[in-house]
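Asks: here is a sequence with its predicted model. Questions after.
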Amino acid sequence: MREGSVKESIYYGSPAWLQNLLVSAYGYHLYRKRYTGVFHDILALTRQSRSWNRQRAEAWQAEHLHSMVKHCRQNVPFYQKLFADYGLHEQHITSVEDVRKLPILKKATLREDPTPFRSGSSKAYMLQHTSGSTGTPLTLEVDEYTYKLAMALLVDHEESHGVSFGAPRATFAGRMIQPADQLSPPFARYNRAENQMIFSSYHLNSRTFPWYARALKRYNPRELIGYPSAISDLASHYQKTGINPEFRPKAVFTNSETLLSWQREKIESIFECPVYDYYGTAEYMLFAGQESNGRYRLSPLLGIAEVLDENDEPASEGRLIATTLSNRAMPLLRYEIGDSAVAVREATGHSTCHELEKIVGRLDDYLEMADGRRVGRLDHIFKGLQGLLEAQIIQDSLDHCTINAVFESEPSADQIQILTNNFKTRTGQKMNVTIRPTDYISRGENGKFRSVVRRLDAKEQESEPCS
């Protein structure tokens, strides 16, 4: 039996009081790993960087980009060969704009063989395991400075919106705290190390909701944090029952999924506080926290961000490209993350960006039209639709989609027609749609919610005309 399986067996076989102790014990382990040693110096730098103007930020980035390229040339086999083939040297990289001299690294290249990306001179502090959308396993090595910088950036993001480090936090994410078929409470476990109550998003339904409402009242969290779909689902139960939350968080912080506009509206309405989304990458390359003006501020410390069109030119909306400035254990330069975003461009025409208007989401969160178009940003079709709790679009052919929709009660013909009309306004009359009312929309293995799922036949995709 694998070590992970043994630990899971011990945990799941223990009573809830012992599980709380085990969760806290692991919490203290993570606390020491995340928040000790150099962390406090990093947090001080993170707070200081908030006041930097663009010129100061780019000067810092240019210096660290130059140093990172030098490190790659000297210590990373993949870049040693690449720089030799391209005739590149760190002396050619003296400004942030010079990052464009480097070729773009595709995710497929990294997945095919990650070994040559590992540095021989920097030790991995932690391993990040990810399968991504392809399901192909990938293990990423992260050094201590980068890992603690990522932790500091989240602390700074929360502090900037009025939630101090260590304030009571209620987490709703993909944590499996007890088996899915064990439907007796408690449905939360307490991590004493971080004053964090971890709620299960797998056990929340109309029957169990009263327990959640009582537990949240008793715990009185200063913040809610987690997947927008999970927190929106919680808000829907308050809405359906007509119960007002008997606690008032200072803010809600969402992450890991694309925050949809109707989810934000519902969460802010029910909990009477702002939602501040934030964006990070599994590769620990970018961190973007949403500010009060709605824009996402990219930290200059972790990495350099570019938004490029399909011709690899700077664009207002397009693919998100990231270059690490800190992770020397497994550095990735101009790496295509697989997400798309809308950049805030200045009149000066910089190719890199320091703010994002919005995170559009994964590059595959769009519908494919028969004429070759790709239609994204589809959450607008649900905005303002009364009685809709959540919805998922499934594309099964180039001319048909099914919308799985969860309503408060049996939907009326008018509700179905409004949703149909909204959908066709976005996609055109040639795309047919079936509205399928349902009680629940399943999540992925990691508990994340996918708003768009494409299940196109491979031959259909191959015959698609080029756009």
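Replies: Structure received. Numbers count the residues shown, from 1 in each chain.

Asks: and Ala230, how far from Met285?
Replies: From Ala230 over to Met285 the distance is 25 Å, taken as C-beta to C-beta, to the nearest Å. Yep, even glycine has a C-beta here, placed from its N, CA and C like the rest.

Asks: cool, Lys217 as well?
Replies: 39 Å.

Asks: ok, now Ala405?
Replies: Taking C-beta to C-beta, one finds Ala405 at 36 Å from Met285.

Asks: who's more crowded, the two?
Replies: Counted by other C-beta atoms under 10 Å, Ala405 and Met285 do not tie: Met285 has more neighbours, with 27 against 23.

Asks: contact partners for that one?
Replies: 302-303, 322-324, 327, 332, 335, 337 (C-beta atoms under 8 Å, 6 or more residues apart in numbering).

Asks: so which two of those are the farthest from each other?
Replies: Asn327 and Ile337 (14.0 Å; C-beta to C-beta).

Asks: anything in contact with each of those two?
Replies: Counting by C-beta under 8 Å, 6+ apart, the common neighbours of Asn327 and Ile337 are 283, 285.

Asks: quick one: which of the two has more around it?
Replies: The residue with more neighbours, out of Asn327 and Ile337, is Asn327; 27 against 20, by other C-beta under 10 Å.

Asks: which element is the residue nearest to that one when sequence neighbours are not counted on?
Replies: In this structure, Asn327 finds its nearest non-sequential neighbour in Thr146, 4.1 Å apart by C-beta to C-beta, 6 or more residues apart in numbering. Per DSSP states H and E: Thr146 is located in helix 144-160.

Asks: now find how far off-centre that helix is within its chain.
Replies: Between the centre of helix 144-160 and the centre of its chain there are 15 Å (C-alpha atoms, centre = their mean, to the nearest Å).

Asks: what helices or strands is it leaning on?
Replies: helix 16-35, helix 39-49, strand 251-254, strand 275-280, strand 287-290 (3 or more C-beta pairs under 8 Å, 6 or more residues apart in numbering; DSSP states H and E).

Asks: just the C-alphas of the next helix or strand after the second one, formatted as PDB.
Replies: Okay, so that is helix 39-49. Proceeding N to C from helix 39-49, the next assigned helix or strand is helix 54-75, under DSSP H and E. C-alpha atoms of helix 54-75 as PDB (Å, rounded to 0.1, in the frame of the first residue of the first chain):
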ATOM      1  CA  ARG A  54       5.800  50.800 -13.500                       C
ATOM      2  CA  GLN A  55       9.400  52.200 -13.900                       C
ATOM      3  CA  ARG A  56      10.500  50.900 -10.500                       C
ATOM      4  CA  ALA A  57       8.800  47.500 -11.100                       C
ATOM      5  CA  GLU A  58      10.400  47.000 -14.500                       C
ATOM      6  CA  ALA A  59      13.800  47.900 -13.300                       C
ATOM      7  CA  TRP A  60      13.500  45.200 -10.600                       C
ATOM      8  CA  GLN A  61      12.200  42.700 -13.200                       C
ATOM      9  CA  ALA A  62      14.900  43.500 -15.700                       C
ATOM     10  CA  GLU A  63      17.600  42.900 -13.100                       C
ATOM     11  CA  HIS A  64      16.100  39.600 -12.000                       C
ATOM     12  CA  LEU A  65      15.400  38.500 -15.600                       C
ATOM     13  CA  HIS A  66      19.000  39.000 -16.500                       C
ATOM     14  CA  SER A  67      20.100  37.000 -13.500                       C
ATOM     15  CA  MET A  68      17.600  34.200 -14.300                       C
ATOM     16  CA  VAL A  69      18.700  33.900 -17.900                       C
ATOM     17  CA  LYS A  70      22.300  33.700 -16.700                       C
ATOM     18  CA  HIS A  71      21.300  31.000 -14.200                       C
ATOM     19  CA  CYS A  72      19.600  29.000 -17.000                       C
ATOM     20  CA  ARG A  73      22.500  29.300 -19.300                       C
ATOM     21  CA  GLN A  74      24.900  28.000 -16.700                       C
ATOM     22  CA  ASN A  75      22.800  25.300 -14.900                       C
END
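
Asks: can you list the residues that contact helix 54-75?
Replies: With C-beta under 8 Å, 6+ apart as the criterion, helix 54-75 contacts 49, 52, 79-80, 83, 88-90, 93-96, 98-99, 102, 119-122, 300-301, 304, 323-326, 328, 331, 333, 346, 350, 352, 354.

Asks: quick check: what element follows that helix along the chain?
Replies: According to DSSP H and E, the helix or strand after helix 54-75 is helix 77-86.

Asks: quick one, that following helix and helix 54-75 angle?
Replies: 100 degrees (axes from the mean of the first three to the mean of the last three C-alpha atoms, to 10 degrees).

Asks: for helix 77-86, the distance to its chain's centre please.
Replies: 31 Å.

Asks: pLDDT (mean, whole number) over it?
Replies: Confidence over helix 77-86 (mean pLDDT, whole number) is 96.

Asks: in that helix, which residues are buried?
Replies: 78-79, 82-83 (16 or more other C-beta atoms under 10 Å).

Asks: which helices and strands does it pack with?
Replies: Against helix 77-86 (3+ C-beta pairs under 8 Å, 6+ apart) you get helix 54-75.

Asks: buried residues of the helix it packs on, list them for me.
Replies: 57-58, 60-62, 64-66, 68-69, 71-73, 75.
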